[in-house]
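[1] Got a predicted structure plus its sequence, pasted below:
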Amino acid sequence: MGRVISIFLFLVIFCSEPSFAGVIKGKVSTAKLKAPKDIVVYIDKIEGKELSSSGEPAKMDQIKLVFIPYVLPIIKGTTVEFHNSDDVKHNVFAVGTENFDLGTWTKGITKSYTFNKLGDTAILCNVHPEMEAYVFVLQNPYFAITDENGQYQIKDVPSGSYKLKAWHNRLKPVTKDVDVAASGELSVDFELK
Ligand SMILES: [Cu+2]
């Protein structure tokens, strides 16, 4: 009987534990872009939560003379694989928080770079001056990127008080103070100028 009670107590304690994580969602608007997409919304810093990358590489491709995606948010320590899906040669060089030149290569070849500094870096191609993209390196995994309508959603955010920021390379960044409760949704909208 004692054992049954022990198992019962075990289940009560462990199954009733709240998740201590909430969702932050909202909409980003701006008059400066054709569509409010590719805007990164992220928690600037979570104490004790400086998580390194999962080891899973991120990918940036070059398709029809365009870098895809235009903005690539990653966690510090993530390796980005740069692909070339075109029949022409492309180059990849970087200017900003990180500065490097991976050289020029043809279709089918992939080159990689590991980003270890927080901040944004412009990715450019010296063969096609109009090509441009951004890698944005973040401290923790609590970030999202807006869709065509400016909508974003960050899941499983640990409860606490944070600085929530919105960033796009062509807009002035905005910071908001947020309090994430142990469960439920928090709605936070931004307007970027
Ligand atoms: Cu190119």
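    It's in.
[2] make it CA atoms for all contacts and neighbour counts henceforth
    Noted.
[3] For the ion, what's the nearest residue on this protein?
    Taking CA to the ion as the measure, the chain has H90 as its residue closest to the ion, at 3.8 Å.
[4] That residue is in contact with C125, isn't it?
    Yes: in terms of CA atoms under 8 Å, H90 counts as a neighbour of C125; the distance is 6.3 Å.
[5] top strand in this protein by residue count?
    Of all segments of type strand in the chain, defined using DSSP state E, the longest is strand 21-30.
[6] contact partners of the helix or strand just after it?
    Proceeding N to C from strand 21-30, the next assigned helix or strand is strand 40-43, under DSSP states H and E. The contact list for strand 40-43 (CA atoms under 8 Å, 6 or more residues apart in numbering) reads 73, 140, 142-146, 152, 162-168.
[7] Tell me if I'm right that E185 and I24 touch.
    Yes: between E185 and I24 there is a contact at 5.9 Å, judged by CA under 8 Å.
[8] In stretch 84-100, which residues are buried?
    Neighbour-count burial for stretch 84-100, counted by 16 or more other CA atoms under 10 Å, picks out 84-86, 90-94, 97-98.
[9] Enumerate the residues of the chain near the ion.
    Residues of the chain lying close to the ion (CA under 5 Å from the ion) are 90, 125, 127-128.
[10] Using neighbour counts, trim those to the buried set.
    For these, buried by 16+ other CA under 10 Å: 90, 125.
[11] any idea which helix or strand carries the residue nearest the centre of the chain?
    Here the mean C-alpha position of the chain is nearest to the C-alpha of P73 (CA atoms, centre = their mean), at a distance of 3.2 Å. Assessed by DSSP H and E, P73 sits inside strand 71-75.
[12] That strand pairs with which strands, parallel or anti?
    Strand 71-75 sits in its sheet next to strand 132-138 (parallel), going by DSSP bridges.
[13] now the chain, which segments are flagged as low pLDDT?
    Applying pLDDT under 70 to the chain picks out residues 1-19, 49-52.
[14] Which residue ranges of it form helices?
    2-15 (DSSP state H).
[15] Domain ranges for this structure, per the record?
    19-50+139-193, 55-137 (automatic domain parsing).
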